[in-house]
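Enquirer: Sequence and predicted structure below; questions after.
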Amino acid sequence: MLKQQTLAMAADQSFENYRKPTRRDEFLKTMEAIVPWVALCEVIEPFYPKAGNGRPPIGLERMLRIHFIQHWFNLADLSCEEALYDSVSLRRFVGIDLGREPVPDATTMLKFRKLLHDNQLGEALFAQVGAVLQSKGFKVNTGTIVDATIIGAPSSTKNAGKARDPDMHQTRKGQQWYFGMKLHIGVDSQTGLAHSAVVTSANVLDKHPLPDLLHGNEQRVYGDSAYASQKDLIHSAAPNVRDFTNQRTRRNGVVNETLKSRNRNKSRIRARVEHVFGVVKRLWGFGKVRYRGLQKNATRAFTALALTNIYLSRQRLRAQVRP
């Protein structure tokens, strides 16, 4: 994206003699360099509006950059519009010059997100990022870690419909009840990157999406005790796999110390899945749903996972793009 400075852009920087790069500046600079913009735009381009007799559409890459900013900084449409007006670094990343043009409004951002949702392009972006990373040497190896996390949803009925979201359900974890959806993922045991994902309501047991989280060439599958005793289900998707899921250690009130020690060794590898959830839920702020309906939140989840894979690979990718 070519960006030519105008007087307005130069004025933003001309008197900042003591400004130093912030962490946001450094983050955006890194993402500018390592996100495969061309490849991702190619996924969306067949569905994106074409210029005709009416108002010409905003550039596809610009809208994709704005959409990613919403994910990275957990911004709703109106908040993102205001942040772009307020932040020089965000405008520079997107390529907006207020001397020539306004920031795309919140409605335009909503329409772009609806375009991704209607055409299931979140899944397509996730797959494209995986293909790009594999072409750069991030191979899917012979081990997969499976896990699931709960994404909360509003449980109140104090709304216009006086009802909860029908796509969301409640589940119990330990002694606590939760309402929302589940994000199930399969993570490569060596690279720590997600290669598959399934989104369900929260009441679906972790074991049910298990075959969809395996690519079929695994030799080992890791998971917590929620996946214990699922050898037949695992072998249905990966015939040559060995079950390394954690086994339940307490029977009739007696703890099997041998199994407990084995579980501890397995968990040293299994813990890598938490890095993915940590980025999605803590850094990207996707601990709670933002939209009603499972599919809209699934589109956000797949896009967040794609960006998480890029973020977790940033050091190697950055090294590859340096001259």
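Expert: Now that the structure is in, tell me what you want to look at.

Enquirer: Excluding covalently adjacent residues, which one is nearest to Asp212?
Expert: Leaving aside its chain neighbours, Asp212 sits nearest to Val198 (5.1 Å; criterion: C-beta to C-beta, 6 or more residues apart in numbering). The way it works is simple: take the backbone N, C-alpha and C, and place the C-beta from them, glycine included.

Enquirer: so after whichever strand or helix holds that neighbour, what's the next helix or strand?
Expert: Val198 belongs to strand 194-201 when elements are defined using DSSP states H and E. Downstream of strand 194-201, the first helix or strand assigned by DSSP H and E is strand 220-223.

Enquirer: Averaged pLDDT, that following strand. What do you get?
Expert: Across strand 220-223, the average pLDDT comes to 94.

Enquirer: Going C-terminal from that strand, what's the next secondary structure element?
Expert: In the C-terminal direction, the helix or strand that comes right after strand 220-223 (DSSP H and E) is helix 231-237.

Enquirer: Can I get that following helix in PDB, CA atoms only?
Expert: Only the C-alpha atoms of helix 231-237 are listed here, as PDB (Å, rounded to 0.1, in the frame of the first residue of the first chain):
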ATOM      1  CA  LYS A 231      -9.400 -44.100  21.800                       C
ATOM      2  CA  ASP A 232     -12.100 -45.400  19.400                       C
ATOM      3  CA  LEU A 233     -13.100 -41.800  18.500                       C
ATOM      4  CA  ILE A 234      -9.500 -40.700  18.100                       C
ATOM      5  CA  HIS A 235      -8.600 -43.700  15.900                       C
ATOM      6  CA  SER A 236     -11.600 -43.000  13.700                       C
ATOM      7  CA  ALA A 237      -9.900 -39.800  12.500                       C
END
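
Enquirer: buried ones in that helix?
Expert: For helix 231-237, the neighbour count (16 or more other C-beta atoms under 10 Å) marks 234-235, 237 as buried.

Enquirer: swap in stretch 18-27?
Expert: Here stretch 18-27 shows Phe27 as buried, counting by 16+ other C-beta under 10 Å.

Enquirer: Quick check: end-to-end length of it?
Expert: 20 Å (C-alpha to C-alpha, to the nearest Å).

Enquirer: Could you do stretch 18-37 as well?
Expert: End-to-end distance for stretch 18-37: 32 Å, by C-alpha to C-alpha.

Enquirer: what residue ranges in this protein score low on pLDDT?
Expert: 1-16, 53, 322-323 (pLDDT under 70).

Enquirer: Quick one: list the elements packing against whichever strand or helix holds Ile44.
Expert: Secondary structure from DSSP H and E places Ile44 in helix 37-44. Under the contact definition 3 or more C-beta pairs under 8 Å, 6 or more residues apart in numbering; DSSP states H and E, helix 37-44 sits against helix 60-72, helix 121-135.
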